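quick one, what's the 3D model for this:
(3 chains)
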Amino acid sequence: MLGLNSKDFRLLLLVAALALLAPFILNPFPADSAMAQFNAGYPDLMQRFVIFGVFAIGFNILFGLTGYLSFGHAAFLGVGSYSAVWMFKLLSMNVIPAILLAVITAGLFALLIGYISLRRSGIYFAILTLAFAQMSYALAYSVLTPVTGGETGLQLALDDPRVLGAAQSAQGNIPVPGLFGLEMRDAAQLNLGDWVFTFSAGYYFSAVVMLIAFYLSIRIFRSPFGMMLRAVKSNQQRLNYTGLNARPYTLAAFVISGMYAGLAGGLMAAMDPLAGAERMFWTASGEVVLMAILGGVGTLIGPVLGAGLIKYMENIISKINADILHSWFAFLPDGLEDFIVSIMYPFIGKGWHLTLGIIFMAVVIFLPGGLVEGGQRIARLFRRRKSGEAAKDDDAKQSTVAE
Amino acid sequence: MDAIILQILNGLDKGSAYALIALGLTLIFGTLGVVNFAHGALFMIGAFCAVTLSKLLNASYTTIDESRTDFLGNPLKVEQPYVIDWFGPEVGAAIIDWSVPLAILFAIPVMILIGVIMERGLIKHFYNRPHADQILVTFGLAIVLQEIIKFYFGANPIPTPAPDAFTGSFDFGQVIGFDANQIIYPYWRLVYFAFAAVIIGAVFAFLQFTTFGMVVRAGMADRETVQLLGINIDRRFTIMFGLAAAVAGLAGVMYVPINPPNYHMGMDFLVLSFVVVVVGGMGSLPGAVAAGFLLGILESFASMGAVIDLLPGINQIIIYLVAIIILLTRPRGLMGRKGVMEE
Amino acid sequence: MSKSHLTRRGLLKTSAIAGAGVAMPTIFTASSASAFTNEPTGGTVTLGFNVPQTGPYADEGADELRAYELAVEHLNGGGDGGMMNTFSSDALQGNGILGKKVEYVTGDTQTKSDAARASAKSMIEKDGAIMITGGSSSGVAVAVQALCQEAGVIFMSGLTHSNDTTGKDKRANGFRHFFNSYMSGAALAPVLEANYGSDRKAYHLTADYNWGYTTEEAIVSSTEAMGWETVNTVKTPLTQTDFSSYIAPVLQSGADVLVLNHYGGNMVNSLTNAVQFGLRDKMVNGKQFEIVVPLYSRLMARGAGENVKGIFGSTNWHWSLQDEGSKAFVKSFGEKYGFPPSQAAHTCYVQTLLYADAVERAGSFQPCAVVEALEDFEFDGLGNGPTLYRAEDHQCFKDVLVVKGKENPQSEFDLLEIVEKTPVDQVTYAPDHPQFAGGSLGTCNNGG
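All right, here's what the predicted structure looks like:
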């Protein structure tokens, strides 16, 4: 189906189902319950999940297939965001041209950086990409302020010279990005008893883009090109000895992966028309590396899971404060309540970094293949139990027969 | 001319901090083959050893001074350090004053212990894992260490001054024949430079002239052969990890009077020290030191007003620009060995 | 299926009740029924406190959060009422806002514009916050202000000092109580002239980003107006930690004053380094060498320790002020937390009170009504003397404090002493002043 084998097609269907039903899956708790704190089904976070998913999928094409660790991938995301916002400022509020430009500029930027950086391998390559990204960040934050907005980021203004489309909305506000009239922030709501589900236009737009990106990445993984990239990872020297030049392949992977990052950057700008220089800081590049490793390097779905986990922690755990803790444990006797709250307090709210660090360590210690490995282990456990039961049944039958 | 001499001094000073951190990082790369993203955190913990000691020495009891009031109008509480009671006002004050140099003695055992625990408890299990896993686990560890420090000491920088004897600056220009105030340099920074030189020299001497060092160097070159010779190289590498941690920690202790420490100072240095190590060449100790000083000096030159006027923003990117140029002209950095971390 | 902008939980609660018991899952709410974003319909109203909880400004954020919690307590009638008792407007009754109990949600800006917007969005979309406030940098303030404008909620900025927040990046839904770079320059210049004379050569080190630029511009123009000469201005990278290579050449330049246009960690380190180099012990051009820090905060002064002694700077508010409002605030904050509040805490507390009061006076939570109530609002009793919220740019105009690092501090909080209260007339400027040129408020947005 769609040029995929049945296993990959099932994976794609699964991801599609998860993405389309995300507003339900991510909102498992009633809106007014104490556990609603853990609901992640609001537009902004859902958008972030899929956008960082795109970013991580693209990063995985480079890192997972070729083994080249780029430590400056956030630069492409930043460049993509800036291009998209400039497109909003100058051309129109339609997201399509903005995202196209984001992908193209990120691709060109990746071509330039990749051409230079891929002359080295291993950690030397990583440091070259890091150096380029850090230079982009430093310049965008300071001397390039007229182009990038510097500290405050590049934003839309009321006097933007928009060629196609009005500078201001009818109410005198800055118009919002949209897709042929459908505004990205439009949303519809469904109330089911105590549950509230939000369906955001922006989210579904991003989700569709993510599904296309995911589909393309499966095709790349399964193509002869993907095979060649894997060959680069397993033994580049041997590849060279067979007379093949690996550079064009790795460069192509680098540019593709840079374009994915640009796509993610463009989507971010489309959901929220602001581009800040921090998007290019080394911690942002490090974050996507962590997403890929956390989820499972080289697996198709892993990086998306890693991206989801990190963004969930950042947005949900950081918002829990002492008051909320007290309300959860209010049913306990006072002393016990205070005790439990004081134990949990360092890990929530401003301590969300601590929880994140512990999760990083726990995953890599106990699940060497990342979250995907965890999933596989659980699946194996079930399968074994099932087959074990089946075998027992067989035994029982046999023994009865024997009697 | 005087401006150039001044910036060379600056560069040596900056470079000594880079070189010390990079030295420890390279020791760990070279011996254990581990990418240690927690190295910056070790530097930071070293700095907080100095803060902790200074707080311990300042441990005090409160007395109430009825004659003065605090901001709420209550009688003012006056803190009286125990040290002053025990040793008398003069000796006590001197001990508090010298808390940073004293912290060296405090930090060495603490840092070696932390290093050994880290290696035995965690890093050991990651020798044969991909570098990606090493990055994730050490980065996670760095965050955890950082957050623990933040939990106890807060996020604000904590001023921890050098002894009074070292305040002020040395008029270097007058010594070599310039006018007064043209080339001045703070005493403590000169101390830092000298200290770094001693530590670097000691590490090299240790590796070069002791049997232990010889075995370690052999192990860095070819671990398997050394093991086949019946030598327990693992134990020695553990000690080297402790040593690397101590070097990072001491760099941190002595850095405290230069800039007040805060919990994220390690992360600020982390990326820079990786760049230094790689520019120096993977697995090369002299390379790491040379790169540290080179980048320090170039960074100082790039921050001169005349240079910035000529090339706006150059001070923002100089280190990375130099790193790119060096890596493109010298494939393995300044003194890197073939085949180390290249795959 | 009807369209709506952003979620509103308040509304949902009622519609959920209406829909409860209906088994068929087909109830899409027609949220156009509500007039504005997140209209509170139940017995509570939710405010969003968006402060840095991680990163270098975490301690400042923590202090802001304490102030917000105190403000909520006072608004709900708890505690001793703090500045509500000294506030010139008596619309606030201590029964919440418009009779609704005040609840709040907190978030982490990480002092990054992206993260701050994500956090603010989740407050608006998920928690139904009607007003967002907080922050500890101008980058974040500008970014979140624009977001609130777009979403149709009110933004009451926390600590933000750049001219741009109420200059080229001003928004109709955003309000700033804190002072700005221009005011710092205008307030400092006369004090500097009185203390250091009008014949001085200044050397500026400036943080290389928007706030640094506006501060440098403000200080340069106001000091040059009184006769100082600017020898050199050098930009320093935000990520710089060691400023030695920027400070060392200062003496060679022949300057006799060093102005550090730095904030936070940058300022702590650059001031420490400058004192380390012994600059303050030097005599240049026959005058004592001096250092000036345009924007002071107590947390920074704490970080720099002994080095702040005798150094001039400006601040929005200080706990040692002796007016009734300040005393009441210091008392209730100090009794609750055990130490005096910082200027960041003060501005956040005041902003919360001002918002609540505006809602009471407007009789509605509707953002445009609140904007109208705040515009050209004159008040007193909140610690800064008579203050005006100017309609043209949503900036507060009030006295500015010039402070100096204290020589003999009594406690770890007693680091600054007030040198002068620069009267409001001296720091007032025209809305179209060149340092604030460009940008426009636009129209208020109700969202919905």
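
contacts, neighbours, all on C-alpha from now
Noted.

just checking, C:His318 touches C:Gln343?
Yes. Under the criterion of CA atoms under 8 Å, C:His318 makes contact with C:Gln343 at 6.1 Å.

quick one: name the residues of chain B near chain A.
Counting by CA under 8 Å from any CA of the partner chain, the residues of chain B close to chain A are B:132-133, B:136-144, B:147-148, B:151, B:274-275, B:278, B:312-313, B:316-317, B:320-321, B:323-324, B:327-328, B:331-332, B:341-343.

now, these that are in helices?
Among these, the ones falling in helices (DSSP state H) are B:132-133, B:136-144, B:147-148, B:151, B:274-275, B:278, B:316-317, B:320-321, B:323-324, B:327-328.

of these, list those near chain C.
B:Gln316.

alpha carbons of the helix or strand where B:Val191 lies, as CSV, please.
If you go by DSSP states H and E, B:Val191 is part of helix B:187-209. Provided in CSV are the C-alpha atoms of helix B:187-209 (Å, rounded to 0.1, in the frame of the first residue of the first chain):
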residue,chain,number,x,y,z
TYR,B,187,46.6,39.8,41.3
TRP,B,188,44.1,37.0,41.5
ARG,B,189,44.1,36.4,37.8
LEU,B,190,47.8,36.2,37.8
VAL,B,191,47.5,33.6,40.6
TYR,B,192,45.0,31.7,38.5
PHE,B,193,47.4,31.6,35.6
ALA,B,194,50.2,30.4,37.8
PHE,B,195,48.0,27.9,39.4
ALA,B,196,46.8,26.5,36.1
ALA,B,197,50.4,26.3,34.9
VAL,B,198,51.4,24.3,38.0
ILE,B,199,48.4,21.9,37.6
ILE,B,200,49.0,21.4,33.9
GLY,B,201,52.7,20.8,34.6
ALA,B,202,51.9,18.4,37.4
VAL,B,203,49.5,16.3,35.3
PHE,B,204,52.0,16.1,32.5
ALA,B,205,54.8,15.2,34.9
PHE,B,206,52.7,12.6,36.5
LEU,B,207,51.9,10.9,33.2
GLN,B,208,55.4,11.3,31.8
PHE,B,209,57.7,10.4,34.7
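
for that helix, could you pull out the residues that count as buried?
For helix B:187-209, the neighbour count (16 or more other CA atoms under 10 Å in any protein chain shown) marks B:Tyr187, B:Trp188, B:Arg189, B:Leu190, B:Tyr192, B:Phe193, B:Phe195, B:Ala196, B:Ile199, B:Ile200, B:Val203, B:Leu207 as buried.

filter the residues of chain B next to chain A down to the buried ones.
Judged by 16+ other CA under 10 Å, buried ones among the residues of chain B next to chain A: B:132-133, B:136-144, B:147-148, B:274-275, B:278, B:312-313, B:316-317, B:320-321, B:323-324, B:327-328, B:331-332, B:341, B:343.

for chain B, what spans make up the strands?
Taking DSSP state E, the strands of chain B run over residues B:60-69, B:75-81, B:169-171, B:184-186.

wait, I meant the stretch 101-250 of chain C
Assigned by DSSP state E, counting those that start in this stretch, the strands in the stretch 101-250 of chain C fall at C:101-108, C:131-134, C:154-157, C:174-175, C:201-207, C:229-236.

please identify which of those strands is closest to C:Gln435.
strand C:201-207 (16.7 Å; CA to CA).

ok, and what's touching that closest one?
For strand C:201-207, contacts defined as CA atoms under 8 Å, 6 or more residues apart in numbering or on different chains pick out C:212-213, C:216, C:228-238, C:246, C:250, C:254-263, C:266.

buried among those residues? Make that a PyMOL selection.
Here is the PyMOL command that selects the buried residues among the contacts of strand C:201-207 (16+ other CA under 10 Å):
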select buried, chain C and resi 212+213+216+228+229+230+231+233+234+235+236+237+238+246+250+255+256+257+258+259+260+261+262+263+266
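
and the contacts of strand C:201-207 near chain A, which?
C:Pro237.

show me what from the stretch 1-150 of chain C comes close to chain B.
For the stretch 1-150 of chain C, the residues found near chain B under the criterion CA under 8 Å from any CA are C:Gly55, C:Pro56, C:Tyr57, C:Ala58, C:Asp59.

now, these that are in strands?
Using DSSP E, no member of the residues of the stretch 1-150 of chain C next to chain B falls in strands.

re the thing from before, contacts for the helix holding B:Val191, please.
B:12-13, B:16-17, B:20, B:23, B:162, B:166-170, B:212-214, B:216-217, B:247, B:251, B:254-255, B:257-258.

can I have the buried ones of these as a PyMOL selection?
Here is the PyMOL command that selects the buried residues among the contacts of helix B:187-209 (16+ other CA under 10 Å):
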select buried, chain B and resi 12+13+16+17+20+23+162+166+167+168+169+170+213+216+217+247+251+254+255+257+258
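
from the contacts of helix B:187-209, which land in helices?
Those of the contacts of helix B:187-209 mapping onto helices are B:12-13, B:16-17, B:20, B:23, B:212-214, B:216-217, B:247, B:251, B:254-255, per DSSP H.

ok, those residues vs B:Leu294, which is closest?
Closest to B:Leu294 out of the ones in helices among the contacts of helix B:187-209 is B:Leu12 (8.5 Å), distances taken as CA to CA.

next up, the contacts around the closest one.
Counted by CA under 8 Å, 6+ apart, B:Leu12 has contacts B:Phe193, B:Phe293, B:Gly296, B:Ile297.

repeat that for A:Val79.
A:Ala102, A:Thr105, A:Ala106, A:Gly262, A:Gly265.

want to throw the residues you listed into CSV with neighbour count, pLDDT and distance to C:Phe178?
Listed next are the contacts of A:Val79 as CSV, based on neighbours: other CA atoms under 10 Å in any protein chain shown; pLDDT from 0 to 100; distance: CA to CA, whole Å:
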residue, neighbour count, pLDDT, distance to C:Phe178
A:Ala102, 33, 95, 37
A:Thr105, 23, 96, 40
A:Ala106, 32, 96, 39
A:Gly262, 38, 96, 38
A:Gly265, 34, 95, 33
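
list just the nearest of those residues to B:Gly283.
Nearest to B:Gly283 among the contacts of A:Val79, with distances taken as CA to CA, is A:Ala106, at 34.3 Å.

contacting residues for that closest one?
Contacts of A:Ala106 by CA under 8 Å, 6+ apart are A:Phe76, A:Leu77, A:Val79, A:Gly80, A:Gly258, A:Met259, A:Ala261, A:Gly262.

in a markdown table, list the residues you listed along with secondary structure and distance to A:Leu336.
Converted to a markdown table, those look like this (DSSP: H, G, I helix; E, B strand; the rest coil; distance: CA to CA, whole Å):
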| residue | secondary structure | distance to A:Leu336 |
| --- | --- | --- |
| A:Phe76 | helix | 50 |
| A:Leu77 | helix | 47 |
| A:Val79 | helix | 51 |
| A:Gly80 | helix | 51 |
| A:Gly258 | helix | 52 |
| A:Met259 | helix | 53 |
| A:Ala261 | helix | 48 |
| A:Gly262 | helix | 50 |
